[in-house]
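**Student:** my questions concern the predicted model and sequence given below.
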Amino acid sequence: MNNDKPLISVILPAYNVEKYIKQCLMSISKQTYSNLEIIVVVDGATDNTLSIANGYSKLENRLKVIWQENQGSGPARNNGLSHASGKFIMFVDPDDWIGDKLIENMYVVQKEQDVDLVLSGFTDVVICGQQEKNDRIHRYDNETLLTQKSVRENYIRLFSIGALGAPTRKLFKTDIIKNNDIKFPDLRRSQDIVFNYRYYDFVQKLSICDEISYFYRRDPSIYVLKLKDNYYRTIILIYKDILALHKKWNINLNSNTLSNVMFTFIIAAIESNFRNGADVREILDSPEIIEIVINSNSKRIDRVLTRQAILRKYILMVKILVYVKAKLKNKLK
């Protein structure tokens with residue numbers, strides 16, 4: 001790879017990932033695209049994350065390590081953006097890793113039509129006790145949208161298939177981010193969705209590539225436990241923002257598709273509150289949450305039953321259905 005290729009800044013927000021960060025950094029160092037700037041923002045880690053990152057920086061001269069007091073991954077990514085000097089930005093989570101050619105392949109796709117955003121698929125790696133296994137491949141067909149209208153018309157479709165959730169497995173233009181002061185909001189969960197649609201508002205052209213070599217490590221047994229009792233307010237924020245964007249764009253919105261996606265978030269919020277001993281009545285009393293539930297139209301029997309229980313505020317039934325669904329899902333892993 002010649003150094004006449006543009007600099008790409010790879011930003012990692014890192015908190016207590018001593019078990020995984022070295023594997024992640026090695027996967028970035030081995031990229032066939034070599035003109036990289038690697039920025040690790042250590043977000044108040046209390047384990048050996050900082051010392052491992054500092055040690056690796058002695059072996060990798062493209063790596064810069066920044067320390068900040070614990071604020072969350074959103075502010076950590078904002079900190080990384082403020083230090084980024086690349087023409088493009090890519091986010092990688094430090095408990096994930098990437099295939100050797102991922103960045104090069106995404107850059108080649110970007111260069112073909114000078115698109116503002118490149119999206120790729122990914123591979124789920126599920127933690128099962130002391131073991132890990134590839135669980136599911138999320139592959140998207142190669143596709144390029146060359147007009148702003150087509151980009152905006154396809155937002156809900158791309159959001160519903162998971163292509164616009166995490167900030168990872170994407171290639172962003174730094175100028176769009178900095179010229180429009182696009183930042184991650186100070187939210188502990190789903191701030192990445194907000195960043196993505198704030199950026200998407202300025203996208204004129206985008207490409208989707210069939211790459212699946214971003215390896216997303218997750219532990220389904222603890223995810224919902226990390227959600228705050230008031231996470232439903234974040235769901236409402238996202239829902240309202242997406243509605244407002246489509247109104248601004250003058251693009252018809254498929255409210256059923258949007259509500260089906262948001263319904264999944266609602267179930268996670270309810271399960272988290274049950275497991276953490278928090279009250280769910282505030283969630284079920286929210287007019288916006290009820291609006292989402294009414295507009296959802298999934299035909300899956302578990303969702304049909306849960307939807308009816310929520311609308312009738314049968315809290316015990318909601319609890320039983322949510323727990324049964326979680327048990328079945330974990331049993332299938």
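**Tutor:** Now that the structure is in, tell me what you want to look at. This is a predicted model, so every value here is computed, not measured. Numbers count the residues shown, from 1 in each chain.

**Student:** Pro94 and Glu18 touch, don't they?
**Tutor:** No. The pair Pro94 / Glu18 is not scored as a contact, 9.8 Å apart, by CB atoms under 8 Å. Any C-beta I mention is one placed from the backbone N, CA and C, and that applies to glycine too.

**Student:** overlap in contacts, the two.
**Tutor:** Residues touching both Pro94 and Glu18 (CB atoms under 8 Å, 6 or more residues apart in numbering): Thr49.

**Student:** those two: who's more crowded?
**Tutor:** A direct count of neighbours by other CB atoms under 10 Å for Pro94 and Glu18 places Pro94 higher, at 28 against 17.

**Student:** list the contacts of the more buried one.
**Tutor:** Residues in contact with Pro94, defined by CB under 8 Å, 6+ apart, are Leu12, Pro13, Ala14, Val17, Tyr20, Ile21, Cys24, Leu25, Val40, Thr49.

**Student:** of those residues, just say which sits nearest to Thr144.
**Tutor:** For the contacts of Pro94, the closest approach to Thr144 (CB to CB) belongs to Leu12, at 28.4 Å.

**Student:** could I get the full set of strands for the stretch 201-333 of the chain?
**Tutor:** Along the stretch 201-333 of the chain, counting by DSSP state E, counting those that start in this stretch, strands occupy 206-209, 214-218.

**Student:** how confident was the prediction at the residue positioned nearest the centre of the chain?
**Tutor:** Computing the C-alpha centroid of the chain and ranking residues by CA atoms, centre = their mean puts Ala166 first, at 1.3 Å. We have a pLDDT of 90 for Ala166.

**Student:** coming back round to it: list the ones among the contacts of Pro94 that fall in strands.
**Tutor:** Leu12, Pro13, Ala14, Val40 (DSSP state E).

**Student:** among those residues, which two are most distant?
**Tutor:** Farthest pair in the ones in strands among the contacts of Pro94, by CB to CB: Pro13 and Val40, 8.3 Å.

**Student:** neighbour count for those two, which is higher?
**Tutor:** Neighbours were counted for Pro13 and for Val40 using other CB under 10 Å; Val40 has more, 30 against 27.

**Student:** how about the contacts made by the more buried one?
**Tutor:** Leu12, Ala14, Ile21, Leu25, Ala53, Ser57, Leu63, Lys64, Val65, Ile66, Pro94.

**Student:** with Ser120 instead?
**Tutor:** Counted by CB under 8 Å, 6+ apart, Ser120 has contacts Leu102, Met106, Tyr140, Arg169, Lys170, Ile208, Cys209, Asp210, Glu211, Ile212, Tyr214.
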